[in-house]
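**Q** Here you go, sequence then predicted model.
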Amino acid sequence: MRLTVIRPLIVGAMLSGLAQASALAQGGAAPMTAADLPSQLAAATRQTIVRLGDSVRAVGLPDAPLYAKAAEGVLKGATDARIVSAVRTLARELGDARAALGSVAGDAELVAGASALHVGASPAMLRQLRDTHVAGSGGNTSLATPLVALADLLARRVPASVAAAAIDSLVARGAPSDDFAALRAAVERDIDAGRAPEASVVQRTQGLLRNIEGRRRTP
Amino acid sequence: MSRPEIDPERDTAESAAIERVIAELRTPVAVRPEWRAEILRGAAKLASPDAPASRGVRRWTLRPLTAIAAALVCVVLGATIAVVVLGPGRRSSSAEVLANLTSTMPLPGEHGGQSTVRFVFVAPYASRVSLVGDFNRWNPSAMPMRRSADGRAWLLDVPLAPGRHVYSFIVDGDLAPDPAAPRAGDDDFGVPSSVVLVAGAKS
């Protein structure tokens, strides 16, 4: 994708970000804070985003994704109004994700759940996945990978009920992370080849379930 | 007789379609080990000096379906070479990367609760590629990538905490999602990004 219209913005961001660069390169990935918000944001926009961050943190939700969303918007040349709207939506979806996944959900699960909600999953689908996950593994493992796979399928226009049922059946059988990655990759290839998303998901999921059964039978 | 006008959009769409077909054709087909062994045994028999080689070749050339299939293979190979050498995008998908550099992926092992993710982007003709994402505050200066030894791909190893991370590449000043990774469903700004998930304990 060539996006020459935003090239000047990227160059500007590069210049303003040089000071942070060496620290980041050496220190790896630290969660963003309000102090890390890009300087290109107007003061009023910053204030609004910081307030949103404070409000989610006050109820125990992660605030770093909100600041990261704002920084992404700046890099991509979005207007301040659009950035605030996206951050506000994300704050709401994080809250909805926790309501669906429960208070024991980790940050990664909440962020993945919010992403799934954003692309069309319903809170009931997330609750169903959580219940299946708890029944299968006691909830000791992370549900983030299945949620990311669900969001990816939905983003590829797989009907929500089909995508949720597919992921739920894999969670119920204790499918490993690799199976979710394999599912999304296979569906992507099928769709690119012109196959209907729904048919692809159904067939690929059945194949993975057969493999899981086969692995269980093999001593 | 007037020459047909070139439609750039159609041209781009056709190029994208050809690239998709090529990527699909290049995807290795999983073969069960016992089948593979059987195929190799069969091939060994065909190659034995006792086999009537000349008659086999003559028979092969006389089969119409085989000849059509061979012609199709030649066409696909020709199209592949044309796209790779003359393709307008000059930026190839990760399917073209070397066998040991397939795509962005977490590397084995972890240190201090973080796993290292190897980011890979295939762009042999790019002069500068950097990585941006929520792990570097979307700062285009923070993580320049290095060119691989064969010059075709750009690489960077980044330690990341467990969780879902959204990222993109900047290739000579233009944003580009990772063609080999899931798309971030929550693109709010009209420019797609990609997602990498770092497994780990509940976090």
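**A** Done, it's in. Residues are numbered from 1 along each chain as shown, chains lettered A, B, ... in the order given.
**Q** Please, which helix or strand holds the spatially closest residue to A:T205 that is not a sequence neighbour?
**A** In this structure, A:T205 finds its nearest non-sequential neighbour in A:A166, 4.2 Å apart by Cβ to Cβ, 6 or more residues apart in numbering or on different chains. C-betas here are computed from N, CA, C, even on glycine. For A:A166, the element it lies in under DSSP states H and E is helix A:160-172.
**Q** one step back: is it true that the residue nearest to A:T205 touches A:L153?
**A** Yes: between A:A166 and A:L153 there is a contact under Cβ atoms under 8 Å: 7.2 Å.
**Q** which of those two has more neighbours?
**A** A:L153 (32 against 26; other Cβ atoms under 10 Å in any protein chain shown).
**Q** Any figure for the gap between that one and A:L66?
**A** 25 Å (Cβ to Cβ, to the nearest Å).
**Q** before we move on, what about B:G190?
**A** B:G190 sits 19 Å away from A:L66, going by Cβ to Cβ.
**Q** For B:R146, grab the count of nearby residues.
**A** 11.
**Q** Which residues are in contact with it?
**A** Residues in contact with B:R146, defined by Cβ atoms under 8 Å, 6 or more residues apart in numbering or on different chains, are B:154-156.
**Q** where does chain B have its least confident helix or strand?
**A** Every helix and strand of chain B was ranked by mean pLDDT, DSSP states H and E. The lowest is helix B:53-62, at a mean of 48.
**Q** centre of the chain versus the helix or strand hosting A:E72, how much separation?
**A** Counting by DSSP H and E, the element that carries A:E72 is helix A:64-75. Relative to its parent chain, helix A:64-75 has a centroid offset of 14 Å by Cα atoms, centre = their mean, to the nearest Å.
**Q** can you tell me if that helix touches chain B.
**A** Yes: on the criterion Cβ under 8 Å from any Cβ of the partner chain, helix A:64-75 is in touch with chain B at A:64-65, A:67-69, A:71-75.
**Q** And that helix, what does it pack against?
**A** In terms of contacts (3 or more Cβ pairs under 8 Å, 6 or more residues apart in numbering or on different chains; DSSP states H and E), helix A:64-75 is packed against helix A:7-27, helix A:43-58, helix A:80-101.
**Q** residue ranges with poor pLDDT in chain A?
**A** A:1-30, A:139, A:219 (pLDDT under 70).
**Q** Any chance of the contacts of B:R146 in CSV with distance to B:N139 and pLDDT as columns?
**A** Formatted as CSV, the contacts of B:R146 follow (distance: Cβ to Cβ, whole Å; pLDDT from 0 to 100):
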residue, distance to B:N139, pLDDT
B:W154, 17, 96
B:L155, 19, 95
B:L156, 14, 96
